[in-house]
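> quick check, what structure comes out for this input:
(one chain, ligands or ions: 1)
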Amino acid sequence: MRMVWHRASLRRQTVAGLRAPRSGAKRHCEAAKRSTAAACLLGGLRRSFAAIAALMLAGLIAGPATALAQQARPASTRVTFTKDVAPIFQARCQSCHRPGTVAPMSLLTYQDARPWARAIKDRVVRREMPPWHYDKTAGIQKLKGDISLTDEQIATIAAWVDAGAPMGDPKDMPAALVFNDEAWTIGKPDLVITAPTDTIYAEGPDWWVNRNVESAIVEDRYIKAVETRVSKEGRLVVHHAIATLIQEESEPQAGTAGRTVLRGPVVNIDEGTYLSEYAVGKYGETFPEGTGRVIRAGAKVRFNMHYHAVGKQIPATTSVGFVFYPKGYQPKRFIMDLFPHENDTIDIPPGQMTRTDVYYSLPKAARLIGFQPHMHMRGKAMCMEAIYLDGNREMLSCVDRFDFNWHVMYQYQDDVAPLLPKGTTIHLIAIHDNTATSRRNPDPTLWVGWGQRSIDDMAAAHINTEFMEDADYERALAERKARQGKAAGTQQQP
Ligand code: HEC
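Below you'll find the model as predicted:
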């Protein structure tokens, strides 16, 4: 009952909140001066799917990097592998592209990289590799662990390929990096939960599978750090493994027995709430001091694996390790996995590009910690904006090259993490591409709606969120303003 009411009231409120600023794209763009052209496009053109599609194809896919890459370089600054490219590969590619991982080739040496030169230019210029698919022209740009390439790095790689991918002087080659994959990066875990071993066939299509495992936790514990790991051999075939918690997700309140249960439209209770992910190049997460997640007595862990066959049969075992806060210690700040989603209105006709809107009104003031779009194979792009109660809107984040293969949680740096007052509506704009031009589209002749299978689709996002009391929100806001001075105001309404 309560849930139904909540949903209905959400819609009403959203419509009211949107109406004022929606008198036209121009007006929207003028009003949102701080937001960028791309944000205005997405915000303003809501009636025209075709226009969005065309703009995304023309403007967003062939980004500024292409133009830069095509600029000629004088011969004196000839780009070589050893001098210019190897340092970029070390910094941005080799954590994944080396022997023993699921990445298709090593990029450690010139001999490894040379045969892939064309593919490298293609993926890099499209900003598909490294797998960081965040729009650099819209919303908040200061993100933790940003592995993206700068325009200059992209131009360097492209110029190297265009020049015939020369090796250069071996003396310029930087010393090889040393990798150590055998230890937990979070330190020794207090608890390790392991999924049953899967044996991945030598040949066959990619395989997605879920395994639920009892946690054997008998009392609520607060998580300080968490990491998902795959057995050494398994790393050859595991594209990613995501651990989620299946438990009643709620917001524990210090000093009271009361809980605000945020189910219904927020938490995807069947899939659980996102905990941690293994993917090549991705390591565990330690929460900032005083901050944590909770694992409840009786919780289950769900492991979701994406396997990729490599020509020989391989066993793979995935585990999740936890470091807990001491018993009795309660962190002051809790991070929750909000999961705003819209299932009923996903309507993706064959051969078309579509837009789905998701609205969620914050029941309390909140700080958003991270944003991870969740769509399936036809997912193309997603933006998240905040609609304030006074009707002002602000673009927070866009992922303009969404790739179903990658589940990146884009985490805001602490000083720019959106601080949103109670009642702010989070608005997700999801773009799905069901045309034949989409490389990942399994079948552009099918109608697609919501569903759990990868060939169905979703419009949702995991948003790591810290809810707070109004007084704490006011304090956090005042502290930030004091730090930044009046000018900054990255995400606060005027
Ligand atoms: C986080 C791990 C990761 C990082 C970092 C990464 N890659 Fe990849 N890359 C992969 C994986 C896994 C694949 C294959 C599956 C896919 O595309 O998702 C891949 C695929 C590729 C391909 C396509 C190969 C083919 O089969 O045609 C190219 C080219 C590539 N990467 C180049 C790069 C370059 C260049 C960098 C650094 C600038 C880089 N990658 C950084 C993991 C990574």
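> so is stretch 215-233 next to the ligand?
No - using CB under 6 Å from any ligand atom, stretch 215-233 stays clear of the ligand, with a minimum separation of 13.0 Å. Bear in mind the C-beta positions are built from the backbone N, C-alpha and C, glycine included.
> for that stretch, the averaged confidence score.
The average pLDDT for stretch 215-233 rounds to 91.
> just stretch 278-289 next, same as before
77.
> how far is that stretch from where the chain is centred?
Centre-to-centre, stretch 278-289 and its host chain are 13 Å apart (CA atoms, centre = their mean, to the nearest Å).
> mind listing residues that contact that stretch?
Contact with stretch 278-289 is made by 95-96, 101-103, 147, 184-186, 223-230, 235, 238-242, 276, 293, 318, 321, 323, 331, 335, 406-407, 414, as judged by CB atoms under 8 Å, 6 or more residues apart in numbering.
> residues from this protein in reach of the ligand?
Listed as neighbours of the ligand in the chain under the rule CB under 6 Å from any ligand atom: 92-93, 95-97, 102-104, 116, 119-120, 123-124, 129-131, 147, 149, 280-281, 405.
> which of the residues you listed fall within helices?
When DSSP state H is applied, these are split such that Arg92, Ala119, Ile120, Arg123, Val124 fall in helices.
> quick one, strands of the stretch 101-250 of the chain?
Per DSSP state E, counting those that start in this stretch, the stretch 101-250 of the chain has strands spanning 134-139, 191-194, 198-200, 207-214, 221-230, 238-246, 250-252. These are given in chain order.
> Leu368 is nearest to which of those?
Of all the strands of the stretch 101-250 of the chain, it is strand 134-139 that lies closest to Leu368, at 11.3 Å by CB to CB.
> quick check: ChimeraX command selecting the buried ones in the ones in helices among the residues of the chain next to the ligand.
To isolate the buried members of those in ChimeraX, using 16 or more other CB atoms under 10 Å:
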select :92,120,124
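> now the ones in helices among the residues of the chain next to the ligand as a markdown table including distance to Thr80?
Converted to a markdown table, these look like this (distance: CB to CB, whole Å):
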| residue | distance to Thr80 |
| --- | --- |
| Arg92 | 18 |
| Ala119 | 19 |
| Ile120 | 15 |
| Arg123 | 20 |
| Val124 | 17 |
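> quick check: the farthest pair among the ones in helices among the residues of the chain next to the ligand?
Using CB to CB, the two most remote members of these are Arg92 and Ala119, lying 15.7 Å apart.
> what number of residues lie near Leu477?
Residues near Leu477, counting by other CB atoms under 10 Å, number 16.
> roughly how far apart are the nearest residue to it once chain neighbours are set aside and Arg453?
Spatially, and ignoring its direct neighbours in sequence, Leu477 is nearest to Leu419 (5.5 Å; CB to CB, 6 or more residues apart in numbering). Counting by CB to CB, to the nearest Å, the gap from Leu419 to Arg453 is 38 Å.
> between these two, point out the one with more neighbours.
Neighbour count, other CB under 10 Å: between Leu419 and Arg453, Leu419 has more, with 20 against 9.
> could you check the pLDDT of Gln111?
97.
> right, and Asp112 touches Pro99 too?
No - Asp112 is not in contact with Pro99 according to CB atoms under 8 Å; the separation is 9.2 Å.
> any low-confidence regions in the stretch 251-400 of the chain?
Across the stretch 251-400 of the chain, the ranges flagged by pLDDT under 70 are 251-272, 281.
> closest residue of the stretch 301-450 of the chain to the ligand?
The ligand sits closest to Asn405 of the stretch 301-450 of the chain, with a gap of 4.0 Å, by CB to the nearest ligand atom.
> let's have the strands of the stretch 101-250 of the chain in a markdown table, adding distance to Thr156 and mean neighbour count.
Shown next, in a markdown table, are these (distance: least, CB to CB, whole Å; neighbours: other CB atoms under 10 Å):
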| stretch | distance to Thr156 | mean neighbour count |
| --- | --- | --- |
| strand 134-139 | 17 | 22 |
| strand 191-194 | 42 | 17 |
| strand 198-200 | 37 | 17 |
| strand 207-214 | 36 | 14 |
| strand 221-230 | 33 | 24 |
| strand 238-246 | 28 | 23 |
| strand 250-252 | 47 | 18 |
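> what ranges does the stretch 351-494 of the chain have for its helices?
Taking DSSP state H, counting those that start in this stretch to define them, one finds helices in the stretch 351-494 of the chain at 470-484.
> strands of that one, start to end?
According to DSSP E, counting those that start in this stretch, the strands that the stretch 351-494 of the chain contains are 353-361, 365-374, 379-387, 393-399, 410-411, 419-420, 425-433, 460-468.
> now those in a markdown table, with distance to Ala482?
A markdown table is the format used below for the strands of the stretch 351-494 of the chain (distance: least, CB to CB, whole Å):
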| stretch | distance to Ala482 |
| --- | --- |
| strand 353-361 | 29 |
| strand 365-374 | 17 |
| strand 379-387 | 22 |
| strand 393-399 | 21 |
| strand 410-411 | 24 |
| strand 419-420 | 13 |
| strand 425-433 | 26 |
| strand 460-468 | 18 |
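> out of those strands, which comes closest to Ala297?
For those, the distance to Ala297 is smallest for strand 460-468, at 21.9 Å, taking CB to CB.
> helices or strands next to the closest one in the packing?
Strand 460-468 sits against strand 333-334, strand 336-338, strand 365-374, strand 379-387, strand 425-433, with contacts defined as 3 or more CB pairs under 8 Å, 6 or more residues apart in numbering; DSSP states H and E.
> now the nearest residue to Met105 once chain neighbours are set aside: how far from Thr80?
Spatial nearest neighbour of Met105, excluding adjacent residues (CB to CB, 6+ apart): Trp116 at 5.6 Å. Going from Trp116 to Thr80 by CB to CB gives 17 Å.
> returning to that earlier point: among the strands of the stretch 351-494 of the chain, which is nearest Ala202?
Of all the strands of the stretch 351-494 of the chain, strand 379-387 sits nearest to Ala202, with 29.8 Å by CB to CB.
> shaky segments in the stretch 1-150 of the chain?
Where the stretch 1-150 of the chain drops to pLDDT under 70, the residues are 1-76.
> how does it look with 90?
1-77, 100-102, 144-145 (pLDDT under 90).
> for Val408, see how far away Gly139 is.
From Gly139 across to Val408, the span is 15 Å (CB to CB).
> show the contacting residues for Trp207.
Going by CB under 8 Å, 6+ apart, Trp207 touches Ile200, Tyr201, Met305, His306, Tyr307, Ala309.
> how about Asp443?
Ile455.
> just Ala476 next, same as before
Arg367, Leu419, Met468.
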